[in-house]
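A.B. asks: Dropping the sequence and predicted coords here.
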Amino acid sequence: MSLLDRGPETITVYPAGPMADDGSPTEGEPVIVEGCRIQPQTSTAGDSDGYQDATTYRVMRRSLPAGPWARVRWKDRDYTVVGEPGHYRGSRRVSHDSAVIRRR
């Protein structure tokens, strides 16, 4: 059994919904995703984003319902998906989805 099959983290993904009349994306229904692996990717202390540190994390799972406008809730904090999530397809043992998230 792979590490991708039984991650210890649970997240809530709010996927992007239909576009509003003004062209901005709306938020869809929340999806609870269990069994994720989350790893720190980068950290920049003292950035000017309004936070003391701007750590990005990589979320990995066999299937991840996140898109480029999605909001992710993890450990009582909100995160934004950075860029387009990756869909890695190969053999059944290594295929997975991966997204980079950053704190809002």
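C.D. replies: Perfect, I can see it now. Keep in mind it's a predicted model, so treat the numbers as computed, not measured.

A.B. asks: Low-confidence regions, this protein specifically.
C.D. replies: Counting by pLDDT under 70, the ranges of the chain that qualify are 1, 45-53.

A.B. asks: Residue 55 touches residue 38, doesn't it?
C.D. replies: No - between residue 55 and residue 38 there is no contact under CB atoms under 8 Å: 11.0 Å. In short, each C-beta sits where N, CA and C put it, glycine included.

A.B. asks: Who has more neighbours out of those two?
C.D. replies: For the pair residue 55 and residue 38, the greater number of neighbours falls to residue 38 (19 against 15), based on other CB atoms under 10 Å.

A.B. asks: How about the contacts made by the more buried one?
C.D. replies: Residue 38 is in contact with 7, 9, 11, 57, 58, 59, 60, 74, counting by CB atoms under 8 Å, 6 or more residues apart in numbering.

A.B. asks: That one in helix, strand or coil?
C.D. replies: strand (DSSP: H, G, I helix; E, B strand; the rest coil).

A.B. asks: any idea how far it lies from residue 32?
C.D. replies: Residue 38 is 15 Å from residue 32, where distance means CB to CB, to the nearest Å.

A.B. asks: Show me which of the contacts of residue 38 are buried.
C.D. replies: 7, 9, 11, 57, 59, 60, 74 (16 or more other CB atoms under 10 Å).
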